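1. Next comes the sequence, and after it the predicted model I'd like to discuss.
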Amino acid sequence: MVLMKMKFSFQKRVKLAQSLWLLSWMATVAGSITFCLGCFLKIELRKRAEVMGNTDIYIVPHTLMIVGLGGLGINYFAGRICQDALDPSRFPQWKTFLKPYYGASMFIAFLMFIAMLMSFIMKGSLDSSLRIGLRNGIRFYKDTDTPGRCFQKQSMDRLQMDFQCCGNDDYSDWFEVQWISNRYLDLSTKDVKDRIKSNVDGRYLLDGVPFSCCNPSSPRPCIQYQLTNDSAHFSYEHQTEELNLYLRGCREALVSYYGGLMNTIGVVVLSVLLVQGSVLASLRYLQTSLEALEGQENAEAESEGYLLEKSVKETVMEWLEPVLKLLQLNQVASEEGEAAPA
Amino acid sequence: MALFLIKFDLKKRVQLAQMLWLMYWFAVMAGVLVFAMGLFFKIELRKNSELMDNSESHFVPNLLIAVGLLACGINAFGGKICYDSLDSTKFAKWKGIMKPFLISCLLFMVLLILTALFCFMMRIPLQFTLAEGLKNGMKFYKDTDTPGRCYMKRTLDQMQMEFKCCGNNNYKDWFEIQWVSNRYLDFSAKEVKDRISSNVDGKYLMDAVPFSCCNPTSPRPCIQAQLTNNTAHYSYDHYSEELNIWKRGCQQALVSYYGGMLNTIGALVILVTLLEGVVMIGLQYVNTAMSTLVNPEDPESESEGWMLEKTVKETFTDIMAKMKAMSKGGQVEEGDGDGVATVS
């Protein structure tokens, strides 16, 4: 049973070829847009690469770039084929090219679908990567003299100021880490010695945060130190104070930023996929309706076009047959091999 | 003797007209660019308008916008004339307007040069307006409860963080004003009472700066308070400390930011002026070439084109003579009027 048969008169074929040409140009532009979106996402992820624990998330922009380039190639050929389509002398030269072309196109369309899915669901991986990265960023904040970590302080400060956030989940993350380097602590004073003795690891912990957590919208000058001590500051109550520091955690801020970006990209890739699908379907109809005309004298006769010659099941079986044969051959060969020595 | 005489045949005339038409299109784009730059500059000024005082003038961006629109109009008109010039019948209707149009092009070029000059000179009034505006801004930093000034703190903090600067001329400006509001000062504490009684105006002054002056690239956590007291902080020497807070003053930072923008715009306007000059000369050649056809009926006849009909000196004396004649004509009329009045 032929799948989705349609009759095509000469006029309809001409119109199909023209609209296919236009569609293939649109799809080429869409492919380049996908490539640019992939590049843009990669650059945005690279900007904050220091606070990410792993690079798993980079698979999304890389897939987008591959899909964009593949789409450009496919649609370029689609345009060339449909330009030659209505000329019966030039069309046959494309015949042998078409089967591998459809295979490659299906693969690229499948990749596009995967890329779209990934941009919606990779949030979880990003979240765990940021959790690790930010924890390290806060831990190594004080190591401005250690090579390899000396810019950790600067990048954490800029991150907190740009994204208006503080700490990993919230500002109290800074209370659990020594973020002031020992080089700037007078270890002979009583206060410092008390603080260091008060915990097992001998770290200088305090209920204070770096200046980059300060919120400029606060009506009073920023309170950074002795945050939990209400009596240390006039008219201050740390339970109800909301504007003094940024209340949001940086992990949440970054996930929502990148998540929004990837959602938009996913929607764009979905529309590109639809355009690409329509290009491939139109090309298939054009090809089959022209092949039905072969051998006929009158190039302006009516013909039928279809998507698949047999039903979906039969087509899939036809494709898989050579693959299965190869596997069976291997099995038989290995059985014989086992029988012989035994 | 005509200035820069060139002989034209049909082919050369056509080439000249085509090239000129293309250049007029570039000139229209250039006009659009000048308009866009004027708009952009106006928006940038508006963004920081809270830090400028009332004498802030938007004269230069408004002038740029007007000049950009005018350039588009004049060049589009010139392009139309040029497009019609290849057809002698169409060109005939433009003949009368050509001379006034060319004179207006010349005046427009003068306007462009003046605009460029204003662009380069705007730095000076900008500096004064910023100095005044920043001084007031810092005074009102603490007034987050006064309507009309409650966002000054946020504006100033964000500006200091964005432009990487502190204070008006440098960070010491913060030592001379009270930037902590009285609402957050405990007047029963000894320290507060000491500071307030230490100066004539009863202001709470201290050698500290707001958090927005902090430099993120400093290797140590930011020191904001007791900046001049070396013993208050471990291993700290305020004379040699360079990375702790921003050293630059906001006045200098903003002036150099806007100044750079103005320099670029001024250079662009000068380029547009040169382009306008070239198209004006081209149009003059087209005009003269089309007007001096040897055989007016035959479009393929030869013709001559020049920049000025006589030499520069003779043209100048001609213009002076004309102007004198015009003013004398006016005088004679006045004389008649007086005569008539006295007679009656």
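-> Cool, the structure landed. Keep in mind that what you see is a predicted model, and the values were worked out from it rather than measured. Numbering: from 1, shown residues only, chains lettered A, B, ... in the order given.

2. Excluding covalently adjacent residues, which one is nearest to residue B:23?
-> Leaving aside its sequence neighbours, residue B:23 sits nearest to residue B:279 (C-beta to C-beta, 6 or more residues apart in numbering or on different chains; 5.2 Å). Where C-beta positions appear, they are placed from N, C-alpha and C, glycine not excepted.

3. hang on, the one you found packs against residue B:76?
-> No - contact status for residue B:279 versus residue B:76: not in contact, 11.8 Å apart, counting by C-beta atoms under 8 Å.

4. Neighbour count for the two, which is higher?
-> Shown here are residue B:279 and residue B:76; by other C-beta atoms under 10 Å in any protein chain shown, residue B:279 has more neighbours (21 against 14).

5. Surely that one is in a strand?
-> No - under the criterion used here (DSSP: H, G, I helix; E, B strand; the rest coil), residue B:279 is helix, not part of a strand.

6. which parts of stretch A:101-111 are buried?
-> Buried residues in stretch A:101-111, counted by 16 or more other C-beta atoms under 10 Å in any protein chain shown: A:101, A:105, A:108, A:109, A:111.

7. whoops, stretch B:178-196 was the one
-> Going by neighbour count (16+ other C-beta under 10 Å), the buried part of stretch B:178-196 is B:178, B:179, B:180, B:181, B:184, B:185, B:192, B:195, B:196.

8. Is the second one in contact with residue B:143, as I believe?
-> No - in this structure, residue B:179 is not within contact of residue B:143 by C-beta under 8 Å, at 10.1 Å.

9. packing partners for the host helix or strand of residue B:104?
-> Per DSSP states H and E, residue B:104 falls inside helix B:88-121. Contact analysis of helix B:88-121 by 3 or more C-beta pairs under 8 Å, 6 or more residues apart in numbering or on different chains; DSSP states H and E lists helix B:59-84, helix B:250-291 as its packing neighbours.

10. can you redo those as CSV with mean pLDDT?
-> Shown next, in CSV, are the helices and strands packed on helix B:88-121 (pLDDT from 0 to 100):
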stretch, mean pLDDT
helix B:59-84, 93
helix B:250-291, 93
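
11. ok, and the closest non-adjacent residue to residue A:68?
-> What sits nearest to residue A:68 in space, not counting adjacent residues and going by C-beta to C-beta, 6+ apart, is residue A:35, at 2.8 Å.

12. can you check residue A:14 too?
-> With C-beta to C-beta, 6+ apart as the criterion, residue A:14 has its nearest non-adjacent residue at 6.4 Å, and that residue is residue A:86.

13. I'd say the one you found and residue A:17 touch.
-> Yes - here residue A:86 lies in contact with residue A:17, judged by C-beta under 8 Å, at a distance of 5.4 Å.

14. What residues does the stretch 101-250 of chain B have near chain A?
-> B:144-145, B:150, B:153-154, B:157-158, B:161, B:179-181, B:183-186, B:189, B:210-212, B:214, B:216-217, B:219-222, B:224, B:233-235 (C-beta under 8 Å from any C-beta of the partner chain).

15. Make a PyMOL selection of whichever of these turn out to be buried.
-> Selection of buried members from those for PyMOL, criterion 16+ other C-beta under 10 Å:
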select buried, chain B and resi 144+153+154+157+161+179+180+181+184+185+210+211+212+214+216+219+220+221+222+224+233
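
16. Not counting sequence-adjacent ones, nearest residue to the closest residue to chain A within the stretch 1-150 of chain B?
-> Nearest residue of the stretch 1-150 of chain B to chain A (C-beta to the nearest C-beta) works out as residue B:144 at 3.8 Å. Once flanking residues are discounted, residue B:144 sits nearest to residue A:219: 3.8 Å by C-beta to C-beta, 6+ apart.

17. same check, this time on residue B:44
-> Spatial nearest neighbour of residue B:44, excluding adjacent residues (C-beta to C-beta, 6+ apart): residue B:261 at 6.8 Å.

18. From what I see, the one you found and residue B:42 are in contact.
-> No - counting by C-beta under 8 Å, residue B:261 does not reach residue B:42; the two are 11.2 Å apart.

19. out of the helices and strands packed on helix B:88-121, which comes closest to residue A:327?
-> Of all the helices and strands packed on helix B:88-121, helix B:250-291 sits nearest to residue A:327, with 67.9 Å by C-beta to C-beta.

20. Run the chain-centre distance for the closest one.
-> Relative to its chain's centre, helix B:250-291 lies at 11 Å (C-alpha atoms, centre = their mean, to the nearest Å).

21. just checking, next helix/strand downstream of it?
-> Sequence-wise, the next helix or strand downstream of helix B:250-291 (DSSP H and E) is strand B:303-305.

22. still on that earlier bit, quick one, the helix holding residue B:104 and helix B:250-291 angle?
-> Interaxial angle, helix B:88-121 versus helix B:250-291 (axes from the mean of the first three to the mean of the last three C-alpha atoms, to 10 degrees): 160 degrees.

23. in helix B:88-121, what's buried?
-> Neighbour counts over helix B:88-121 (16+ other C-beta under 10 Å) mark B:91, B:94, B:98, B:101-102, B:105, B:108-109, B:111-112, B:115-116, B:118-120 as buried.

24. Show residues contacting the helix or strand that comes right after it.
-> Downstream of helix B:88-121, the first helix or strand assigned by DSSP H and E is helix B:123-139. By C-beta atoms under 8 Å, 6 or more residues apart in numbering or on different chains, the residues outside helix B:123-139 that reach it are B:50-53, B:55-57, B:152, B:155-156, B:167-168, B:173-174, B:177, B:179, B:250-251, B:254-255, B:258-259, B:262.

25. ok so, going back, among the residues of the stretch 101-250 of chain B next to chain A, which ones are in helices?
-> Of these, the ones assigned to helices by DSSP state H are B:153, B:154, B:157, B:158, B:161.

26. Just put those residues in CSV and tack on distance to residue B:36.
-> Listed next are those as CSV, based on distance: C-beta to C-beta, whole Å:
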residue, distance to residue B:36
B:153, 34
B:154, 30
B:157, 31
B:158, 26
B:161, 28
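
27. and which of those residues is nearest residue A:165?
-> Nearest to residue A:165 among those: residue B:161, at 14.9 Å, using C-beta to C-beta.

28. Can you give me the pLDDT of the closest one?
-> We have a pLDDT of 95 for residue B:161.

29. which one is it nearest to, not counting chain neighbours?
-> Nearest non-adjacent residue to residue B:161, counting by C-beta to C-beta, 6+ apart: residue B:212, 5.0 Å away.

30. circling back: between residue B:279 and residue B:76, what contacts are shared?
-> In contact with both residue B:279 and residue B:76: residue B:24, using C-beta under 8 Å, 6+ apart.

31. Please enumerate residues in contact with stretch A:141-150?
-> Residues from elsewhere that reach stretch A:141-150 (C-beta under 8 Å, 6+ apart): A:140, A:152-153, A:156, A:177-183, A:210, B:219-220.

32. So for that stretch, mean pLDDT?
-> Averaging pLDDT along stretch A:141-150 gives 91.

33. Going by neighbour count, which residues of that stretch are buried?
-> Residues of stretch A:141-150 classed as buried by neighbour count (16+ other C-beta under 10 Å): A:141, A:142, A:144, A:149.

34. Next: stretch A:285-304.
-> Within stretch A:285-304, the residues that qualify as buried are A:285, A:286, A:287, A:288, A:289, A:290, A:292, A:293, A:303, counting by 16+ other C-beta under 10 Å.

35. mind giving me CSV with these and columns for pLDDT?
-> Output for those, formatted as CSV (pLDDT from 0 to 100):
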residue, pLDDT
A:285, 87
A:286, 86
A:287, 84
A:288, 85
A:289, 84
A:290, 82
A:292, 80
A:293, 77
A:303, 79
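
36. can you put those residues in TSV and add distance to residue B:135 and secondary structure?
-> What follows is those, written out as TSV (distance: C-beta to C-beta, whole Å; DSSP: H, G, I helix; E, B strand; the rest coil):
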residue	distance to residue B:135	secondary structure
A:285	75	helix
A:286	74	helix
A:287	77	helix
A:288	80	helix
A:289	80	helix
A:290	80	helix
A:292	85	coil
A:293	85	coil
A:303	84	strand
